[in-house]
Each structure stands twice: as C-alpha cells, then as structure tokens.
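> Sequence below, structure please.
(one chain, ligands or ions: 1)
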Amino acid sequence: MSELLRVGIDIGGTKTDAVAISRDGRVVQQLRLPTGFGPGAVLETAVSAVTQLADRAGTSIGAFGSIGIGIPGAVDNGTGRVSHAVNLGLNDLDLGAELSARLGRAVRVDNDVNAAALGAFHLLEKSASHSMAYLNLGTGLAAGIVLGGTLWRGSRGTAGEIGHIPVDPNGPQCPCGQRGCLEMVASGSAIARQWPTDDPKPARALFSAAASGVSSAIEVKGRFVENVAAAVRILVLTVDVDSVVIGGGLSSLGPVLLDDVRAVLESWERVSAFLASTGLSERIAIVPVEFPAAAVGAALVGVA
Ligand SMILES: [Zn+2]
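Predicted structure coming up:
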C-alpha cells in the first residue's frame, strides 16, 4: 500500500518536519531534520527528508503518491519558485524544478502558511462545506483561508495578508513601508522588540513573567493578546469563517494563549451586541502543540 502514501515536507528556518500520510490522512511516518542554510543545503535537507521517509516506509521515492513542500517566503505555487526566504538564505530558488530533477518526479511547492492552513483544516475533520481561517503567529503574522477544503488565495495571492493591516497610526515603522501594522504588535518579533530577553523562547518568558506579576510583562502581554484578538476579529468580520484556528510558533504557548485571546473577545462581546451576535469567541481554536500542521498540509498540497 506504500504507493498510496503522500509526502509533506515543511522547511522551516531551523528545522524541517517531514511526514508520510495515508490516503485517509493518517500520519504514518514522521521525522525532523535540522534545516541547512542556503540553496544547496536547503535542497539537500529536502532530498534527505524524502529519502529517509522512503527508507522508513520500506518503499521507493517513485512509489509515493505525491510530494509537497511548504516553505516560507514568496512562493509561486504554479512553478514552485521561492524568493525572499531570508531566514533560509534563499534569494531566489527554483525549488520545485530543482527538487523534481533530484527526486525524479513532480514536486509541488506552496507557502508554509498556506500549507499549515490546509493541515489545520484537515485536523478539524469538518464537513467539506466548513470554512476556516488559519492564523499563523510566528515571527510575523499572516492567515491562510480554506473554504470548503480549498485554499482561497485571492486574485493575486494576497488573501490573508492581514499582518499588514495598519492598526496603530503612531505604531512602529513596518518593513512593508506602512506604520503600525498588525504584525508589528501581534507576532513573535513584536514580543522580542517589546520584551527583550536572552531566553530562547521569548514569548514563553513573557507569559511566565506576566503570570508571576511583573507589571511591565503584564502590560506587554496584554497588548499582544489584545492584538491577536483583533486579528481574529478582522478574519471573522471580513470572511465570516466558521472557525479561526491559531497556529505557528507562538501556538506552542498552548491553551493559555487560547484562553487569554478568548477572554479579550468575550470582553468585547459584553460591550458590543453586534460582536456578541457574531459568536466571535466561540469560533476560535488552537493547533495542538505536537501536530505538524504545515507538513501534513504540504502533503495535501502535493496532490495534483
Ligand atoms: Zn506592514
């Protein structure tokens, strides 16, 4: 049955997650590798991940049903070309073609947020008519929108780029050229800027400092959570999706993040009958820490 396995590879800034999933969507093989830096090393990491999955599954690369990649940066999902993946040292790489040549078969490539959105949708196990926005909280902030099991990319691939909606006219300058973008106040980089620490997990450090009563931490955390809630509100009020699922690196904060965001949404619902009528606070969920959403989604992207 190995020919039915679909492979998904999530190439991240430091680690690469790889899965093989069965036709019914179960993860049957899973592995993690450190990601190399620069085009050659990134390609080598991906090839190694696929090869190791084939070994573990006792099959050959050619026998996999499909292979899909999720990667940060600007991705042309038609050609598999990746550009501006700064954290990976990729300026411009024809990833899909290069990998296809090395692996001897077709490889589909998509943006990591879109891949994770598909993975999160898969995890929900909802009916085909379900609609979902995946809110990725990592170094930056972006959303992937899945309508009826299919990604909604928009006319030019801009759908879900809510991180660049300005929310504070006096806020910090954003690299995008605007000021006070949502991403500048509700992301890992926003926390790092406002709560400098040597801790390898700054968001976790912030949350625990706030929990132990450090007033500056309470303030920074409060602002962060409120702006994440604002992102949820934007998604519900623009696309009216059934669910908003929080994922990305910061979702490893776990249920405490979900509870805090829900509390902000509920406080807004108490003062706004309009917001209350939308059921805003009931629509949110979070990706479980151990679920490799982007890798699973990449496997689904790989289906032609
Ligand atoms: Zn911006």
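
> now the strand or helix carrying Thr45, how far from the centre of its chain.
Element membership of Thr45, judged by DSSP states H and E, is helix 39-57. The chain centre lies 21 Å from the centre of helix 39-57; the measure is CA atoms, centre = their mean, to the nearest Å.

> after that helix, next one along is what?
strand 66-71.

> Which pLDDT value belongs to Gly302?
In the prediction, the pLDDT value recorded for Gly302 is 67.

> what's around the closest residue to the ion within the stretch 1-150 of the chain, how many residues?
Nearest to the ion in the stretch 1-150 of the chain, going by CB to the ion, is Gly140, at a distance of 9.1 Å. Heads up, the C-betas are built off the backbone N, CA and C, glycines and all. Residues lying near Gly140 (other CB atoms under 10 Å) number 23.

> And for Arg156?
Neighbour count for Arg156, taken as other CB under 10 Å: 6.

> which SS class is it?
coil (DSSP: H, G, I helix; E, B strand; the rest coil).

> Ramachandran coordinates for it?
phi -130, psi 20 (degrees, to the nearest 10).

> how close does it get to the ion?
Remark: distance between Arg156 and the ion (CB to the ion, to the nearest Å) = 17 Å.

> Just list the residues touching that residue, thanks.
By CB atoms under 8 Å, 6 or more residues apart in numbering, no residues touch Arg156.

> separation between it and Ala74?
12 Å (CB to CB, to the nearest Å).

> now the longest helix along the chain, how far from the centre of its chain.
In terms of residue count, the longest helix belonging to the chain (DSSP state H) is helix 215-239. Relative to its parent chain, helix 215-239 has a centroid offset of 17 Å by CA atoms, centre = their mean.

> what number of residues lie near Arg283?
Look at Arg283: counted by other CB under 10 Å, it has 20 neighbours.

> Would you check that it makes contact with Val244?
Yes: contact criterion CB atoms under 8 Å: Arg283 and Val244 qualify, at 5.4 Å.

> Give me the common contacts of those two.
Overlap of the contact sets of Arg283 and Val244 (by CB under 8 Å, 6+ apart) consists of 232, 236.

> picking up where we left off before, so what's the residue of the stretch 1-150 of the chain closest to the ion up against?
Residues near Gly140 by CB under 8 Å, 6+ apart: 163, 183, 187-189.

> Dump those into CSV; add secondary structure and pLDDT as well.
CSV is the format used below for these (DSSP: H, G, I helix; E, B strand; the rest coil; pLDDT from 0 to 100):
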residue, secondary structure, pLDDT
Gly163, helix, 97
Glu183, helix, 96
Ser187, coil, 96
Gly188, helix, 95
Ser189, helix, 93
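
> Pull out the buried members of those.
Buried members of the contacts of Gly140, counted by 16 or more other CB atoms under 10 Å: 163, 183, 187-188.

> what comes up buried for the helix holding Thr45?
39, 42-43, 45-47, 49-50, 53-54, 57.

> Let me have those in TSV, extended by distance to the ion and pLDDT.
Output for these, formatted as TSV (distance: CB to the ion, whole Å; pLDDT from 0 to 100):
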residue	distance to the ion	pLDDT
Pro39	27	97
Val42	26	97
Leu43	30	98
Thr45	30	98
Ala46	30	98
Val47	35	98
Ala49	32	98
Val50	35	98
Leu53	37	97
Ala54	41	96
Ala57	42	95
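
> what's the most distant pair in the residues you listed?
The span of the buried residues of helix 39-57, defined through CB to CB, is set by Pro39 and Ala57 at 27.5 Å.

> tell me which residues of stretch 141-154 are tucked away?
So, applying 16+ other CB under 10 Å, buried residues of stretch 141-154: 141-147, 149, 151-153.

> Within range of the ion, give me the residues from the stretch 151-300 of the chain.
164, 174, 176, 178, 181 (CB under 5 Å from the ion).

> With adjacent residues omitted, what lies nearest to Gly188?
Thr139 (4.7 Å; CB to CB, 6 or more residues apart in numbering).

> Ser252 now?
Nearest to Ser252 is Val289, by CB to CB, 6+ apart, at 5.1 Å.

> show me where the stretch 151-300 of the chain has helices.
188-194, 202-211, 215-239, 255-271, 273-278, 293-301 (DSSP state H, counting those that start in this stretch).

> Could I get the contacting residues of Val50?
Applying CB under 8 Å, 6+ apart to Val50 gives the contacts 7, 9, 18, 61, 64, 67, 103.
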